[in-house]
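K.L.:
Prediction below, plus the sequence it came from.
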Amino acid sequence: LPSLAGFVVGHAGLYQALAMFAVAYFIIGMTVLSVCAIATNGALDAGGAYYMISRALGPEFGGSIGIMFFLANVCGSALYVLGLVEAVVDSFGIPPGQEAGTGIHVLPQSYWYELLYGTVLLALCLLVCLVGASIYAKATFLIFLIVAAVLGTILVSFFATRPLKVPIRLPNSNGTETDGFFTGFSLNTLRDNLGGEYRVDYTTGQMMSFSSVFAVMFNGCTGIMAGSNMSGDLKRPSYSIPRGTISAVLFTYLVYNLLAFLMCATCNRILLQKDYGFLRDISIFPPLVTVGIYAATLSAAMSNLIGASRILYALARDDLFGRALALAKKTSASGNPVMAVILSWLVVQVVLFSGKLNTIASVVTTFFLLVYATVNLACLALEWASAPNFRPTFRYFTWHTCLLGIAGCCVMMFLISPVSASASLGFLLLLLLALHYLSPSSTWGYISQALIFHQVRKYLLMLDVRKDHVKFWRPQMLLMVQNPRGSARLIDFVNDLKKSGLYVLGHVELQDLDMLPSDPLQPQQESWLSLVDKLNVKAFVSLTLAPSVRHGVRQLLFTSGLGGMRPNTLVLGFYDDEAPQDGLARHPAFTSAREEVPLGFPPLRGPTAPKLLSAREYVGIVADALKMLRNVLLARQLESLDKAWELRRAASPPPTIHVWPVNLLRPDSARYADTCSLFLLQMACVLNMARAWRRARLRLFLCVEAGTMPHAQEEKLRQLLKDLRIQAQIQLVPWDAITRLHWQTCQRSAGGLAEEEEEEEGVVNFPTNATQVSDEYVCAANKLVLEQSPAPTVRFLYLPRPPADTSLYPLYLHQLELLTRGLGPTVLVHGVSAVTSTQL
């Protein structure tokens with residue numbers, strides 16, 4: 001403490017020194033509050049700050065900051081060893097210009113000799129750390145007593161020593177000497193030392209500045225983390241860390257300020273700047289000062305070495321870096337991580353080759369500041385997440401203190417060394433990315449999930465359904481899936497249709513909870529979530545129990561989503577007699593990675609196995625959805641769609657999407673501008689906007705009859721597409737022969753009777769169609785659609801409303817099957833909500 005205070009005051013002056021101490025201890029104080037809060041929120045294990053950060057922010061942040069903190073402690077240990085070597089050489093080294101020493105000056109001075117001295121001192125630290133934490137604790141307590149005695153002696157010396165002249169031999173000056181003066185308490189001396197006067201540091205030959213002096217000074221304050229680094233060796237870390245750390249911070253801050261004032265009032269600038277060991281010359285018992293300096297520096301070196309080893313051991317035990325740190329897991333019989341200590345010692349030994357201590361001071365300080373900022377960030381995240389389980393017994397902190405700590409650390413990092421700060425942040429980012437993609441998932445809990453929940457809940461409350469506008473409409477899909485094995489490509493297709501909207505995979509389990517011992521859906525949830533991850537679709541999963549599929553779909557339509565994010569479109573696979581194929585096993589997500597299909601999904605039903613729902617129930621689901629004002633999509637043969645091949649083939653022409661916005665089952669009411677037709681157009685356009693479908697071209701088919709001015713209809717439709725900003729090719733399709741079949745059927749079946757019903761409010765009803773549209777007409781309409789070449793990648797067809805008479809449901813489904821037979825991938829669409837807008 002005294003030597004560091006003299007260095008700071010000599011260059012910065014009293015005012016700037018006090019400012020440096022205030023800034024440094026403000027940052028440290030805010031960090032200490034965060035450390036105490038986290039330390040008292042649960043059981044702590046080995047690793048100190050790394051353990052706190054990793055358990056709060058997750059393995060990515062924890063692992064990357066753990067490496068940074070390990071390097072900071074390693075460099076800090078090397079820094080203190082070099083400082084001790086400097087003090088030893090200053091006391092016992094042969095003066096420059098002399099071949100042989102005299103008296104106590106017997107140690108040769110050169111780079112290699114100083115490296116040798118540092119290696120010997122580091123080996124001493126290694127021996128203590130290898131023995132274990134107990135001997136380290138005893139050694140540090142003994143050193144504390146020595147340092148306290150030295151500090152008391154120094155304080156007495158300022159008052160007891162008379163004014164004297166201190167000869168100073170300047171290095172690299174061929175034996176030239178100058179004189180420093182201890183004036184005793186003098187107002188003139190105090191006045192001369194108030195302002196800053198930065199000079200060249202005689203140990204490194206570098207010009208000092210505010211940032212370089214602060215960097216060296218801040219390293220003397222980083223010992224406040226020594227207690228938390230030993231968290232795994234403390235009996236009651238949640239009790240000891242807050243009390244010990246806060247006491248250490250308050251004590252050292254007061255001592256630094258007191259020493260700064262005493263030195264400024266008693267020592268002239270030359271003495272402070274040219275002799276960092278001047279306290280020996282003014283002490284009433286000089287040998288004790290020398291011993292104290294050595295003991296304190298050696299203690300700091302051991303503290304950083306053992307702290308680095310504990311961090312490395314914790315990183316290895318968490319398996320974040322796999323086999324790279326496997327060796328560091330090994331411990332002695334007493335639990336001391338000896339291999340971590342040895343590995344840390346080797347890294348410190350490498351850092352010793354840097355030479356002078358001030359050379360690495362800025363790097364060490366940057367690393368420590370980055371760690372402190374992350375500790376504050378961890379506490380801030382826990383506080384902002386408002387998780388009920390974050391209730392530390394230490395309550396003297398708020399999110400304001402965390403923010404101030406983060407801001408202070410970041411500002412000082414760039415003030416000290418913009419290059420070191422930028423390089424450290426870049427290194428941290430690389431570690432984050434590497435751990436994000438390479439490290440295994442953990443069971444620690446992710447604060448990001450708590451923060452996301454907190455923010456999503458807030459924004460969901462702000463998402464007011466009363467403020468919905470058609471301009472900002474987007475599809476929010478509920479896709480019902482019986483078995484994902486037979487629906488992999490449909491799941492992928494609907495993911496392209498959602499246009500950044502809500503996407504929910506729904507599944508109904510036909511069981512009765514009253515007859516079961518527990519919920520059967522919980523074990524299935526993991527398989528469904530794994531499926532979503534493997535297929536790389538942005539979807540939620542919603543499972544339900546129900547006595548029938550229809551009741552289950554009703555439940556999901558009523559309950560899926562939250563607030564303004566609720567499904568507005570129901571998607572169903574088509575009801576036919578085709579045996580389902582296992583598309584999941586052939587999906588690229590599993591075939592390319594050679595991974596097994598997630599367990600938990602039963603085998604697909606055989607061709608003779610009974611279905612889980614009847615045709616009447618299936619059509620009832622469609623009718624229920626329309627009654628709930630949900631749009632409906634029926635997807636047929638989507639499992640035959642090989643999207644990767646269809647959309648990436650280089651052959652010309654490009655893939656096409658065929659759109660038939662006319663109700664082919666109601667030719668007498670064919671219109672292109674009703675709600676359903678516009679919704680069908682919108683869905684085709686949304687698919688074309690998806691990244692994978694941008695090469696595809698929309699082709700819109702306009703069915704025309706003779707004598708109806710087809711070109712006028714085409715121009716009107718083209719203007720509509722222009723107003724809706726939809727780029728599509730229009731193709732005229734004569735269908736006189738098709739409609740003639742319809743009218744002939746009407747004349748035969750009507751028998752002179754009037755129509756039974758009329759349309760209400762523009763909604764097309766189906767009951768009349770069911771009795772009037774013949775299978776012959778539907779097959780002809782199917783042939784008309786099929787003949788349009790070239791064959792498209794997918795077709796969009798108009799889905800009529802189900803009949804009001806439920807007895808006609810099987811006939812309705814039969815005619816849909818005839819209409820779409822052999823068409824390949826086809827989507828039947830019925831829209832009930834306005835989704836297009838021509839406004840800005």
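P.N.:
Happy to help now that I have it.
K.L.:
buried ones in stretch 794-806?
P.N.:
794, 795, 796, 797, 798, 799, 800, 801, 802, 803 (16 or more other C-beta atoms under 10 Å). Every residue, glycine included, has its C-beta placed from N, CA and C.
K.L.:
And the next helix or strand past the lengthiest helix in the chain?
P.N.:
Counting residues, the longest helix found in the chain (DSSP state H) is helix 2-39. Where DSSP states H and E defines the elements, the next helix or strand beyond helix 2-39 is helix 49-57.
K.L.:
Give me the phi and psi angles of the closest residue to residue 54 other than its chain neighbours.
P.N.:
The shortest distance from residue 54 to any non-neighbouring residue, by C-beta to C-beta, 6 or more residues apart in numbering, is to residue 62 (2.2 Å). Backbone torsions for residue 62, taken as degrees, to the nearest 10, come to phi -60, psi -50.
K.L.:
For burial, what's the neighbour tally of residue 62?
P.N.:
For residue 62, the count of nearby residues is 30 (other C-beta atoms under 10 Å).
K.L.:
Tell me how far it lies from residue 56.
P.N.:
Using C-beta to C-beta, to the nearest Å, residue 62 is found at 8 Å from residue 56.
K.L.:
Give me the distance between residue 40 and residue 397.
P.N.:
Distance, residue 40 to residue 397, by C-beta to C-beta: 10 Å.
K.L.:
again with residue 309
P.N.:
In terms of C-beta to C-beta, residue 309 sits 29 Å off from residue 397.
K.L.:
and the helix or strand harbouring residue 785, which residues are buried?
P.N.:
Secondary structure from DSSP H and E places residue 785 in helix 775-787. Neighbour counts over helix 775-787 (16+ other C-beta under 10 Å) mark 777, 778, 780, 781, 782, 784, 785 as buried.
K.L.:
What sits closest to the most centrally placed residue in the chain if chain neighbours are left out?
P.N.:
Residue closest to the average C-alpha location in the chain (C-alpha atoms, centre = their mean): residue 448, at 6.4 Å. Leaving aside its sequence neighbours, residue 448 sits nearest to residue 58 (C-beta to C-beta, 6+ apart; 6.4 Å).
K.L.:
Go ahead and confirm the one you found touches residue 450.
P.N.:
No - using C-beta atoms under 8 Å, residue 58 is not in contact with residue 450, being 10.6 Å away.
K.L.:
more crowded one of the two?
P.N.:
More crowded of residue 58 and residue 450, by other C-beta under 10 Å: residue 58, with 23 against 19.
K.L.:
measure the more buried one to residue 381 for me?
P.N.:
As judged by C-beta to C-beta, residue 58 and residue 381 stand 10 Å apart.
K.L.:
which residues do the two both contact?
P.N.:
residue 447 (C-beta atoms under 8 Å, 6 or more residues apart in numbering).
K.L.:
quick one: the helix or strand encompassing residue 817 to helix 775-787, angle?
P.N.:
Per DSSP H and E, residue 817 falls inside helix 809-820. Interaxial angle of helix 809-820 relative to helix 775-787 (axes from the mean of the first three to the mean of the last three C-alpha atoms, to 10 degrees): 30 degrees.
K.L.:
What is the subsequent helix or strand relative to helix 809-820?
P.N.:
Following helix 809-820 toward the C-terminus (DSSP H and E): strand 826-830.
K.L.:
can you give me phi and psi for residue 546?
P.N.:
According to degrees, to the nearest 10, residue 546 has phi -160, psi 160.
K.L.:
actually residue 509, sorry about that
P.N.:
Backbone dihedrals for residue 509, given as degrees, to the nearest 10, come out at phi -100, psi 120.
K.L.:
Strands of this structure, start to end?
P.N.:
Along the chain, counting by DSSP state E, strands occupy 164-169, 177-182, 477-480, 503-510, 540-546, 569-573, 631-636, 656-660, 697-704, 729-734, 794-798, 826-830.
K.L.:
List the buried residues of the second one.
P.N.:
Counting neighbours by 16+ other C-beta under 10 Å, one finds that the buried residues in strand 177-182 are 180, 181, 182.
K.L.:
For it, name the packing helices and strands.
P.N.:
Packing partners of strand 177-182 (3 or more C-beta pairs under 8 Å, 6 or more residues apart in numbering; DSSP states H and E): strand 164-169, helix 269-274.
K.L.:
and of the ones you listed, who's closest to residue 137?
P.N.:
Closest to residue 137 of the helices and strands packed on strand 177-182, according to C-beta to C-beta: helix 269-274, at 35.0 Å.
K.L.:
helices or strands up against the closest one?
P.N.:
So helix 269-274, by 3+ C-beta pairs under 8 Å, 6+ apart, packs with helix 2-39, strand 164-169, strand 177-182.
K.L.:
Adding distance to residue 454 and mean pLDDT, write the ones you listed out as CSV.
P.N.:
As requested, those are exported to CSV (distance: least, C-beta to C-beta, whole Å; pLDDT from 0 to 100):
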stretch, distance to residue 454, mean pLDDT
helix 2-39, 18, 86
strand 164-169, 61, 79
strand 177-182, 60, 81
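K.L.:
State the distance from residue 280 to residue 529.
P.N.:
Counting by C-beta to C-beta, the gap from residue 280 to residue 529 is 68 Å.
K.L.:
Of these two, give the one with the bigger neighbour count.
P.N.:
Just comparing residue 280 and residue 529: by other C-beta under 10 Å the higher neighbour count belongs to residue 280, 21 against 15.
K.L.:
Please tell me how far the closest residue to residue 823 other than its chain neighbours sits from residue 785.
P.N.:
Excluding its sequence neighbours, the residue lying closest to residue 823 (C-beta to C-beta, 6+ apart) is residue 795, at 5.7 Å. Separation of residue 795 from residue 785 (C-beta to C-beta): 7 Å.
K.L.:
Name the residues contacting each of the two.
P.N.:
Common neighbours of residue 795 and residue 785 (C-beta under 8 Å, 6+ apart) are 658, 660, 823.
K.L.:
Closest one of those residues to residue 578?
P.N.:
residue 823 (13.3 Å).
K.L.:
So the closest one is in contact with residue 788, correct?
P.N.:
No - assessed by C-beta under 8 Å, residue 823 is found out of contact with residue 788, at 10.3 Å.
K.L.:
Residues in contact with stretch 260-270: which ones?
P.N.:
Applying C-beta under 8 Å, 6+ apart, the set of residues contacting stretch 260-270 from outside is 5-6, 8-10, 13-14, 17-18, 21, 155, 158, 168, 178-186, 189-190, 192-194, 197, 272, 278, 282.
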